[in-house]
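*Asks:* following is a predicted model, sequence given first.
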Amino acid sequence: MSAMLIDDDRLFPAEASARKVTRALYAHVRNLPLVSPHGHTQAGWFADNGSFPDPATLLVQPDHYIFRMLYSQGVSMDDLEIGQPVVKNPRKVWRIFASHYYLFRGTPTRMWLDYAFQEQFGLHERLSEKTADLYYDTISARLNTPEFLPRALYERFNIEVMATTDSPLDPLENHIAIRNSGWKGRIIPAFRPDSVVDPDFPGFQRLVAKLGEQNNEDAATWTGYLNALAKARARFRALGCTSTDHGHPSAQTADLPAAEAEPLFAKIISGKADAAQKELFRAQMLTEMARMSVEDGLVMQIHPGAVRNHNPLVFKRYGKDMGGDIPRATNYVDALHPLLARFGNEKNLTLILFTLDETTYSRELAPLAGHYPCLRLGPPWWFHDSPEGMMRFREQATETAGFYNTVGFNDDTRAFLSIPARHDMARRIDCAFLGRLVAEHRLDEDEAFEVAHDLAYGLVKKAYRL
Amino acid sequence: MSAMLIDDDRLFPAEASARKVTRALYAHVRNLPLVSPHGHTQAGWFADNGSFPDPATLLVQPDHYIFRMLYSQGVSMDDLEIGQPVVKNPRKVWRIFASHYYLFRGTPTRMWLDYAFQEQFGLHERLSEKTADLYYDTISARLNTPEFLPRALYERFNIEVMATTDSPLDPLENHIAIRNSGWKGRIIPAFRPDSVVDPDFPGFQRLVAKLGEQNNEDAATWTGYLNALAKARARFRALGCTSTDHGHPSAQTADLPAAEAEPLFAKIISGKADAAQKELFRAQMLTEMARMSVEDGLVMQIHPGAVRNHNPLVFKRYGKDMGGDIPRATNYVDALHPLLARFGNEKNLTLILFTLDETTYSRELAPLAGHYPCLRLGPPWWFHDSPEGMMRFREQATETAGFYNTVGFNDDTRAFLSIPARHDMARRIDCAFLGRLVAEHRLDEDEAFEVAHDLAYGLVKKAYRL
Amino acid sequence: MSAMLIDDDRLFPAEASARKVTRALYAHVRNLPLVSPHGHTQAGWFADNGSFPDPATLLVQPDHYIFRMLYSQGVSMDDLEIGQPVVKNPRKVWRIFASHYYLFRGTPTRMWLDYAFQEQFGLHERLSEKTADLYYDTISARLNTPEFLPRALYERFNIEVMATTDSPLDPLENHIAIRNSGWKGRIIPAFRPDSVVDPDFPGFQRLVAKLGEQNNEDAATWTGYLNALAKARARFRALGCTSTDHGHPSAQTADLPAAEAEPLFAKIISGKADAAQKELFRAQMLTEMARMSVEDGLVMQIHPGAVRNHNPLVFKRYGKDMGGDIPRATNYVDALHPLLARFGNEKNLTLILFTLDETTYSRELAPLAGHYPCLRLGPPWWFHDSPEGMMRFREQATETAGFYNTVGFNDDTRAFLSIPARHDMARRIDCAFLGRLVAEHRLDEDEAFEVAHDLAYGLVKKAYRL
């Protein structure tokens, strides 16, 4: 067993000349501030600044990367107390997790956790059934210190700005409270309207009605509905929001004339639309959102292609976002055409594309982003936010889209403690990619330093207008 | 020309630090027994224990990897005597093969053959037109020695268990003979019911009727048909069978209510079903087989996605399995949904998925296997059972599914003499992958030793319940 | 900043043992003549042998790799004078390009340009806003010297033969002029009939009528139309043409009986066909072209899968081939079946397949080419004609198709000055791939020398019958 959980050279190329360059590049960027433009932390943590509870509640229960792997190997989700409002037996849950830690060998989850264990909790012996209690006690003790309060962690993590992800219906009171508190941390909302643009979202009609009420518009009409969305966007912008996000099942867009959009909306709001009409409405709403972005400058993100709740038993018992979401092949070249034909050449629009289908990197996404002025490529997402996944992205997208049509890293996580580890992994892999390019004389070393800085810091600030 | 056909460090990373770890890992696993849970050797070889015929009949005629490449470069299949019951001019066939051996540069076939030539026949000079007769005479001489009888080879190859692939109609007399012979080799059948569940199989109706007769059931009824299949499975289990295998054109599954399944079966058995009904029936039968596996514990394998007999001229003249099978893009996320919704959470079910579509590793298969308790990923199959193919599998599947949702190696071959070479290649590539992870500080060395052992031996025994 | 723009070891593996072998392999092939069987240079350059104009007109305006990247980052195509008959402000265009040169970091365009800047113009300081005028003046001066006339460049580039790409309607007067001039350069036409076989081509009916007139056939009849095409092919062959090329939106083929083909043609030529009929006609024409190739021996190339003119605004303002073409997923296994069922086993047919969908390398293209005698795989095309793209091709195709079902390199460019750089890149990457195989003991070194020579020179001559 190694004396340390993580090595200073982790994720660097083994080959000596590339490793040497990679080390130098990484030294240049490792301490840059973290910019987190897209993620799922909770503003309430920073508004309240209360201490985090026990290790199981903090690290196991909310992390679908962890419990999906345990479940796949026969561990009961009930034993892990997944989906429970409060973890009643956190030490028991922790022990189950610890005794299955070997399952995570070779996964990014393992590397993120080891980083947090060593760097944040000072642990150096590997987590296992044997060390479960040592870990539990050590972490528990630290969580009760002032250094582990959310605001202290935010500052120690050297975060410059962090976006949450929020419904248009959210009063954003925690964001307001943070701004009023005098604390200097920059926590901003992001506008995620899925619940009021996706007719399949549970309670859609009720939520649209609520959107109208909140914004003094008649959301039962197409015009009122659009006005309400525009007003909600304005409210978000006033609290520092710079981006929207759209988690559609496909990347389909549409550009209907008003004479068709209006009756489509009426059908949708009546609750009598069929599946094709619902898909068309979502498609149309992406183009409407792009139009509003041209007007108000909010950067638009699309995260398409997840089949949600693939496992009906897990969905029924534990609800959504419980590990049963599976990617599906995604077509961008046809699906995005209506939106791009309308707004693709707009210089004031920034549209950041994500994918769960890596086959599109070289075939569709890089060619699209290497042409349309509005397009940028988001970093590898979800299952692909990993060392091999990030390397494939650079290898498959760079030659056509270059570095400057990409937007740096997103941690995209609800696991606050993993944020430094995630950014560190991305910086290491980007430096490793650049290090190999330099070692193979495909990029000059002075240029690699500039690019490394841009990938770690410059591009994300520019793309997200932060 | 090198003094040896194969090098001790073949397939290891060239980089020194990774190679050093890889060597150590490989030394740890190279001599482990071979477990062969899925393949196409013939039980009759071991029942009869007769000597193998000449080199052409043994190595060229049955190996579609070889003759498809020769055919692609204009060699006549008639000159190779493909599809003939007996090779009449084996030395002539061998000389054709030898003079085209350069075509296999860079292919796994070349490495498998070189391994066998050197390790089993003591040959050290490269096969070519010039050495064709030396090879022919050397191999011929050895095949007539007791050391080259099937049982002796089985033992020298250090095989612990080997499964054949058998029709439900097969009397399994050779398996019975082996068990009665007192020989200690463990040759077991595997249950492959394609001929009686695929309405497109030539003679389907007749074969189903025969299935009924053999099992004293009225296979003209849905219930009788299912009973007959269950009885056939029981007969296989009694002879050591632990798994089934399903070679469907797609991965489509269905979960019809009995009220729909029964008339569908009636339509199918009437011979009047259309293509969509046939596909639906195959889909339903995968779910029926899963249900039986939950009951009787047989591990289920699905090998989908080959377009069989793509070349009608070759099919007409030489029959099936003659090199004209081509993969097609395969969707798992939607296709498997009906089966997984019904049985995906069953802990007593093990369902091993294979693919000919590598794009599904990271997009569909790893996310599915990293969630559903019943799912495991089979090793790279057919065209992907190769150094680059195996490396891509580990690189693309591990980060989401881990190592423990995979099942080790399948040689999946009718080329008995290639079995040691195939397992050796898999062990070397897995060690090379692990060696790089260690060299890049992504896995601790002590863990890599455990994983290497699991990949070579532990996981396959566990997954296939051997 | 490095003292040189390009390094002697560029694109070689960083690892020492593989690099050593790679260097030796590359030394063996670097000076072999360039064979360019498919590209878009203009015969008129060599017929007239006039000097090239200024740097912007030569290097920026015609190169869609360059201006699509600049456009993607907000540079105006009007400022670049794209689509203008004459560049009026070439120095201004050049300065815009120079100040954005950093965008090309990590792209093949950057490496091609740096090669030309250093090797052809003697420039050693990196192009940037600061060096823009130095570059402009240096290049301009050289372009006015006799050494930079087209024929001198052709000879200095050590080109052995170079094919242009021509419409069946082209009188080929420049090709005739070259042959009559007594110059020894071998410039040959290639037969690209898209304009008269694709009903969606602008002016299709008019062009078909013209085809008939030129060949003294009644092209309003199916027989006359086919005869006219055959005569046009014969005219091309008489001028040294050895190949045809087909740029269809999909790889769909058809093999209709005459009783269906004839009325389909009538519908098409009437201008009243719908989209499906147009696609079916294109599909049928691929099979007709294959039939003619069996007869006249012209090698057939298919370049499918580009969605042309995806960006309607750019198409409307600047026309076609202006950077707005995007790949789409392509199916070969089903699409090619009709053609292959008819002619796939013909030894006199050579059909070279290209793709913009890399997922088909291992899944479809290598299995098809590793079986059908007529098939060969073209080199990585367009967005994939890049270091990573070429390496992926070898890694994904070789194990199933071998080296000998591939056809060497195509530069496929209208950028004449980039031709040596493009061939050099391909040779380096192929040697790097082979160098790794040798270093990993997967191929003997003496064999690697033979293969390197074949990939750089032998295979292309053989495949294209040059």
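*Replies:* Nice, I can see it.
*Asks:* and what about the residue nearest the centre of chain A, helix, strand or coil?
*Replies:* Taking C-alpha atoms, centre = their mean, the centroid of chain A lies closest to A:Asp412, which sits 2.2 Å from it. Following DSSP: H, G, I helix; E, B strand; the rest coil, A:Asp412 is assigned to coil.
*Asks:* surely it touches A:Pro380?
*Replies:* No. A:Asp412 lies out of contact with A:Pro380 (C-beta atoms under 8 Å); the separation is 10.0 Å. For every residue, glycine as well, the C-beta is placed using N, CA and C.
*Asks:* with A:Pro37 as the reference, measure out to the residue nearest to the centre of chain A.
*Replies:* Distance, A:Asp412 to A:Pro37, by C-beta to C-beta, to the nearest Å: 10 Å.
*Asks:* ditto for A:Asn405
*Replies:* Counting by C-beta to C-beta - A:Asn405 and A:Pro37 are separated by 16 Å.
*Asks:* specify the local secondary structure of A:Met69.
*Replies:* Classified using three-state DSSP, A:Met69 is helix.
*Asks:* quick one, what contacts it?
*Replies:* Residues near A:Met69 by C-beta atoms under 8 Å, 6 or more residues apart in numbering or on different chains: A:103-104, A:107, A:109, B:370, B:402.
*Asks:* hmm, 6 Å instead?
*Replies:* Neighbouring residues of A:Met69 by C-beta atoms under 6 Å, 6 or more residues apart in numbering or on different chains: A:103, B:370.
*Asks:* ok, it to C:Ala421 distance?
*Replies:* Distance of A:Met69 to C:Ala421, given as C-beta to C-beta: 47 Å.
*Asks:* kindly report the same for A:Gly408.
*Replies:* From A:Gly408 over to C:Ala421 (counting by C-beta to C-beta), the distance is 31 Å.
*Asks:* any low-confidence regions in the stretch 201-350 of chain A?
*Replies:* Counting by pLDDT under 70, the stretch 201-350 of chain A has no low-confidence residues at all.
*Asks:* change it to 90
*Replies:* Low-confidence segments of the stretch 201-350 of chain A (pLDDT under 90): A:320-323, A:347.
*Asks:* show me which residues of it sit near chain C.
*Replies:* Taking C-beta under 6 Å from any C-beta of the partner chain as the contact definition, the stretch 201-350 of chain A meets chain C at A:333, A:341, A:345, A:347.
*Asks:* rerun that using 8 Å as the cut-off
*Replies:* Residues of the stretch 201-350 of chain A lying close to chain C (C-beta under 8 Å from any C-beta of the partner chain) are A:331, A:333-334, A:337, A:340-341, A:344-345, A:347.
*Asks:* could you single out the nearest of the residues you listed to chain B?
*Replies:* Chain B lies nearest to A:Asn331 out of these, by C-beta to the nearest C-beta, at 12.5 Å.
*Asks:* doesn't C:Ala329 make contact with that closest one?
*Replies:* Yes. Using C-beta under 8 Å, A:Asn331 is in contact with C:Ala329, at 7.0 Å.
*Asks:* hmm, back to that, out of the residues of the stretch 201-350 of chain A next to chain C, grab the one that's most surrounded.
*Replies:* The most crowded member of those, judged by other C-beta atoms under 10 Å in any protein chain shown, is A:Leu340 (29 neighbours).
*Asks:* look up how far C:Pro327 lies from the spatially closest residue to it that is not a sequence neighbour.
*Replies:* Counting by C-beta to C-beta, 6 or more residues apart in numbering or on different chains, the nearest residue to A:Leu340 once its immediate chain neighbours are dropped is A:Tyr372, at 5.9 Å. Separation of A:Tyr372 from C:Pro327 (C-beta to C-beta): 15 Å.
*Asks:* go on, A:Gln118?
*Replies:* The spacing between A:Gln118 and C:Pro327, counted by C-beta to C-beta, is 44 Å.
*Asks:* more neighbours: these two, which one.
*Replies:* Neighbours per residue (other C-beta under 10 Å) separate A:Gln118 from C:Pro327, with C:Pro327 holding more: 26 against 15.
*Asks:* who's in contact with that one?
*Replies:* Residues in contact with C:Pro327 (C-beta under 8 Å, 6+ apart) are A:333, A:363-364, A:367, C:305-307, C:356-357, C:382-383.
*Asks:* which residue ranges of the stretch 251-400 of chain A form strands?
*Replies:* Counting by DSSP state E, counting those that start in this stretch, the stretch 251-400 of chain A has strands at residues A:299-302, A:306-307, A:326-327, A:351-353, A:375-377.
*Asks:* pLDDT score for the residue of the stretch 301-450 of chain A at minimum distance from chain B?
*Replies:* Residue nearest to chain B within the stretch 301-450 of chain A: A:Ser386 (4.1 Å; C-beta to the nearest C-beta). At A:Ser386, the pLDDT value in this model is 98.
*Asks:* contacting residues around it?
*Replies:* By C-beta under 8 Å, 6+ apart, the neighbours of A:Ser386 are A:107-108, A:380, B:399-400.
*Asks:* what's the farthest-apart pair in those residues?
*Replies:* A:Thr107 and A:Pro380 (14.4 Å; C-beta to C-beta).
*Asks:* tell me how far the closest residue to A:Asn31 other than its chain neighbours lies from chain C.
*Replies:* Closest residue to A:Asn31 apart from its sequence neighbours, by C-beta to C-beta, 6+ apart: A:Asn158 at 7.2 Å. From A:Asn158 across to chain C, the span is 27 Å (C-beta to the nearest C-beta, to the nearest Å).
*Asks:* A:Asn158: how many residues sit nearby?
*Replies:* When neighbours are counted by other C-beta under 10 Å, A:Asn158 comes out with 12.
*Asks:* didn't it look like it was pressed against A:Val35?
*Replies:* No. The pair A:Asn158 / A:Val35 is not scored as a contact, 10.3 Å apart, by C-beta under 8 Å.
*Asks:* quick check: mean pLDDT of stretch A:106-118?
*Replies:* 98.
*Asks:* ok, and what's touching that stretch?
*Replies:* With C-beta under 8 Å, 6+ apart, stretch A:106-118 has contacts from A:4-6, A:10-11, A:59, A:63, A:65-66, A:69, A:101, A:104, A:123-124, A:127, A:135, A:385-387, A:415, A:417-418, A:420-422, A:424-425, B:398-400, B:402-403, B:437, B:442-443, B:451.
*Asks:* what's the burial count for the residue nearest to A:Leu349 when sequence neighbours are not counted?
*Replies:* The shortest distance from A:Leu349 to any non-neighbouring residue, by C-beta to C-beta, 6+ apart, is to A:Cys374 (4.1 Å). When neighbours are counted by other C-beta under 10 Å, A:Cys374 registers 23.
*Asks:* show me what contacts A:Cys374?
*Replies:* The contact partners of A:Cys374, by C-beta under 8 Å, 6+ apart, come to A:340, A:343-347, A:349-351.
*Asks:* again, 7 Å this time
*Replies:* A:343-344, A:346, A:349-351 (C-beta atoms under 7 Å, 6 or more residues apart in numbering or on different chains).
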